[in-house]
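Student: Predicted structure and sequence below. I'll ask about it afterward.
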Amino acid sequence: MSRPVIRSDRPPRAPARKTGTFLPALQLGADHDLCPGCGEPLALRSLLEAIDDLGAAERTIGVVGIGCYTALTPLIDLDLIQALHGRAPSVATGAKRMLPDALLFTLQGDGDMLNEGLQEVIHTAARGEAITCVLLNNGVFGETGGHMTAATVLGQRTKNTLAGRDAAQHGYPIRIADMLAGLEGSAYVARASVHDAAGVARTKRMLRKAFETQLARKGFSFVEILTMCPTGWFVPTADGPGYLDEVLQPVYPMGELKASE
Amino acid sequence: MSGYAQGRRLAEGSEAMAEAALLAGCRFFAGYPMTPFTELLEQFARRLPEVGGTCINAESEIEAVGMAWGAAATGARAATGSTGQGLALMQESLSELTRAELPLVLFNMARGQGDYFQATRGGGHGDYRHIVLAPMDGREAVELTQGAFDLAERWRNPVLVYGDYLLAHTAEAVDLVPLDLPALPPREWAVDGSLGGSGRARNVNPLGMRKGQKGIDPERFWKRLQAKHDAIQAAEARHVAEQTRDADLLVVAFGSLARFARHAVRRLRAEGRRVGFFRPVTLWPFPAEALARCCRDDARVAVLEQNAGQMIDDVRLAVAGRVPVVSIGGISSDEAAFGIGPIYDPEEVHSRVASVLEPSP
């Protein structure tokens, strides 16, 4: 039996109909300006679903840094504080101390957290602040157009390391999750990824555990989420997940680095 | 001592200002030690927990202002501070949280008066203004500290209280009495986490971003802030003037040094010299119209400030070339650079004022 021929170059007889919604709870719309193939909307969706699953939406405050994901904030149906590049953990600390029953999370990229704000996340973890810091790690400054961050892996091409990050000239990437897991103030530290369906599901589970750790007042919790930035990586969009798997993941392996009982 | 300190007591400026902040409802402070600000941090660290508040010993000034930002965003009365050096580190956050319209109170226990530009112009990016209050002594510091929290919330704008080493460390009799201030509107702008999932969640942000609306509208947003700052400028300028009506010479000074200037003016008046005194209480908005009114067309203005010449710019703008303006201040420092220079001496100030007076008839 021959397969039917689909004439895709012909306009459809009727306009496409919307048959369902893929909007997660706590998201006000799906219209955003992030690039096709970007991992950040997936990470955000996992975060919102984890908060919704916990029934914590009416006690949650997010503190958002500066990066591509900042453009998603008009879609987030949660109380938010927009912070500066690097400053989110301190801002979240002040809010949490005033509202100890609230669920406080921060959202930062690797440039935000590891370049501009490295000491803030370390001090916040060391103080054992009961907040959850979420790192969206794609190894580049995405919003500026793909430049090297402290998390860029060796050999990775960026706009200011066109031949690839070279240890002799640019040094080595920072594994922040490993550093934070070694501090007494941290209670839950995990590394996740949104490059495939299993990774997305695991990301949501880890975020949920991080929030539960916070709500149980056990201390600081941290989830690093590897995300795709095909635009900033010089790879075709469709190759983004594969590049993450082959290039980033060996440096930043998935898993729980620290979990309290 | 728990609860509130009230009534008349002998207190150093640092203690008096911290107690005044508690009376005004301050419940959050974050700071990093630095002379001569350190004692203010010590007071907040000791006293805030006793009234159910929080003081964080921040790991840096940059983190201190971030923490205060977060606390203020929840609607809590929050403050931070440092010396000018530490405030220099905070400037990026200060300009941003001004755009986020957060009512934060800042203390600059400055090393002298060299931070006038920093306080009134700001070292941060973009168009923004801070209300700046400059108490002359402990008694006024109690009033202005309380007023700072009220102004900050009323205008949803940071307010900076400009103190110094002398104010911080001089014990004076102060009256710790809560100010009776008009009620303020409810803090509907503040985040408490309660609106998640309602479709009406808040976003306290410095970009004019609104939920459900893509992108930003910076020009409209910044013009609205400009209009607010224009309204503050029109409404909040405050000054103290003494014996200006017939003055041939008007001495302008602010903060602790103004005490010395006022003393010199009173002494010269007693000696029969026609000299007047003008003190801006708000450094921004600068009381320019009041100064212009106090200044006769045939008078001269002498500016006493402990720096290379900063407030003198505002004085010149105020009189707009109508009368001569001369500096009788200048750089004057102790060996530690903590801000107490030889200029803080009644005889010295008297002779500086007298030196620019016309010879007695």
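Tutor: Looks like it came in fine. All values derive from a computational prediction rather than experimental measurement. Numbering: from 1, shown residues only, chains lettered A, B, ... in the order given.
Student: Okay, now the unreliable bits of the stretch 51-200 of chain B?
Tutor: Along the stretch 51-200 of chain B, the model assigns pLDDT under 70 to no residue.
Student: And the helices in it?
Tutor: B:61-73, B:84-99, B:116-121, B:138-155, B:165-169 (DSSP state H, counting those that start in this stretch).
Student: With distance to chain A as extra columns, can I get those helices in TSV?
Tutor: Quick note: C-beta positions are derived from backbone N, CA and C, even for glycine. Converted to TSV, the helices of the stretch 51-200 of chain B look like this (distance: least, Cβ to the nearest Cβ, whole Å):
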stretch	distance to chain A
helix B:61-73	3
helix B:84-99	5
helix B:116-121	19
helix B:138-155	15
helix B:165-169	24
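Student: what's the most buried one of those helices?
Tutor: Comparing those by mean neighbour count (mean count of other Cβ atoms under 10 Å in any protein chain shown), helix B:61-73 comes out on top with a mean of 31.
Student: which other helices and strands contact it?
Tutor: strand A:79-82, helix A:88-98, helix A:118-126, strand B:28-31, strand B:54-57, strand B:78-82, helix B:84-99, strand B:104-110 (3 or more Cβ pairs under 8 Å, 6 or more residues apart in numbering or on different chains; DSSP states H and E).
Student: quick one, strands of the stretch 51-200 of chain A?
Tutor: Along the stretch 51-200 of chain A, counting by DSSP state E, counting those that start in this stretch, strands occupy A:60-64, A:79-82, A:103-109, A:132-137, A:140-141, A:147-148, A:186-193.
Student: looking at these, which is closest to residue A:171?
Tutor: Each of these has some distance to residue A:171 by Cβ to Cβ; the shortest is strand A:147-148, at 10.0 Å.
Student: Which neighbouring elements make contact with that closest one?
Tutor: strand A:140-141.
Student: Need the residues that contact the strand it packs on.
Tutor: Residues from elsewhere that reach strand A:140-141 (Cβ atoms under 8 Å, 6 or more residues apart in numbering or on different chains): A:67, A:109-111, A:146-149, A:152, A:156, A:158, A:229, A:232-233.
Student: mind running it again at 7 Å?
Tutor: A:111, A:146-147, A:149, A:152, A:158, A:229, A:232-233 (Cβ atoms under 7 Å, 6 or more residues apart in numbering or on different chains).
Student: Contacts only, for residue 101.
Tutor: Looking at chain A here, since you left the chain open. residue A:59.
Student: could you do chain B instead?
Tutor: Residue B:101 touches B:156-157, counting by Cβ under 7 Å, 6+ apart.
Student: Report the contact partners of residue B:59.
Tutor: Here residue B:59 is in contact with A:119, A:123 (Cβ under 7 Å, 6+ apart).
Student: For chain A, just list every one of the helices.
Tutor: Remark: helices assigned in chain A by DSSP state H are A:40-53, A:88-98, A:110, A:118-126, A:167-170, A:176-181, A:197-215, A:230-233, A:240-243.
Student: List the buried residues of the fifth one.
Tutor: In terms of neighbour count (16 or more other Cβ atoms under 10 Å in any protein chain shown), helix A:167-170 has its buried residues at residue A:170.
Student: Name the residues that touch that helix?
Tutor: The contact list for helix A:167-170 (Cβ under 7 Å, 6+ apart) reads A:148, A:154, A:161.
Student: got the contact list for the second one?
Tutor: With contacts taken as Cβ under 7 Å, 6+ apart, residue A:154 has the following neighbours: A:165, A:167, A:172.
Student: so how far is residue B:69 from it?
Tutor: In this view, residue A:154 and residue B:69 are 36 Å apart by Cβ to Cβ, to the nearest Å.
Student: Then the first one?
Tutor: Here the distance between residue A:148 and residue B:69 works out to 29 Å (Cβ to Cβ).
Student: same thing with the last one?
Tutor: For residue A:161, the distance to residue B:69 (Cβ to Cβ) stands at 33 Å.
Student: can I get the contacts of helix A:167-170 in a markdown table with pLDDT?
Tutor: Compiled in a markdown table, these are given as follows (pLDDT from 0 to 100):
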| residue | pLDDT |
| --- | --- |
| A:148 | 97 |
| A:154 | 98 |
| A:161 | 96 |
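Student: Enumerate every residue touching residue B:132.
Tutor: B:119-120, B:160, B:162, B:282-284.
Student: for these, which one is nearest residue A:25?
Tutor: For residue A:25, the nearest member of those is residue B:160. The distance, counting by Cβ to Cβ, is 42.5 Å.
Student: and the nearest residue to residue B:33 once chain neighbours are set aside, how far is that from residue A:153?
Tutor: Nearest residue to residue B:33, sequence neighbours excluded (Cβ to Cβ, 6 or more residues apart in numbering or on different chains): residue B:41, at 5.9 Å. Counting by Cβ to Cβ, the separation of residue B:41 from residue A:153 is 42 Å.
Student: So between those two, which is more surrounded?
Tutor: For the pair residue B:41 and residue A:153, the greater number of neighbours falls to residue B:41 (26 against 16), based on other Cβ atoms under 10 Å in any protein chain shown.
Student: Also compute the angle for the helix or strand where the more buried one lies relative to strand B:104-110, please.
Tutor: Element membership for residue B:41 (DSSP states H and E) is helix B:38-47. Counting by axes from the mean of the first three to the mean of the last three Cα atoms, to 10 degrees, helix B:38-47 lies at 140 degrees to strand B:104-110.
Student: Which of the residues in helix B:38-47 are classified as buried?
Tutor: Under 16+ other Cβ under 10 Å, the buried positions of helix B:38-47 are B:38-45, B:47.
Student: on that earlier part again, can I get the helices of the stretch 51-200 of chain B in TSV including distance to residue B:16?
Tutor: TSV is the format used below for the helices of the stretch 51-200 of chain B (distance: least, Cβ to Cβ, whole Å):
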stretch	distance to residue B:16
helix B:61-73	21
helix B:84-99	21
helix B:116-121	20
helix B:138-155	5
helix B:165-169	9
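Student: What is the neighbour count of the nearest residue to residue B:216 once chain neighbours are set aside?
Tutor: If you skip the residues right next to it in sequence, residue B:216 has residue B:207 as its closest partner in space, 4.8 Å away by Cβ to Cβ, 6+ apart. Residues near residue B:207, counting by other Cβ under 10 Å, number 18.
Student: hang on, residue B:207 packs against residue B:217?
Tutor: No: Residue B:207 is not in contact with residue B:217 according to Cβ atoms under 7 Å; the separation is 9.2 Å.
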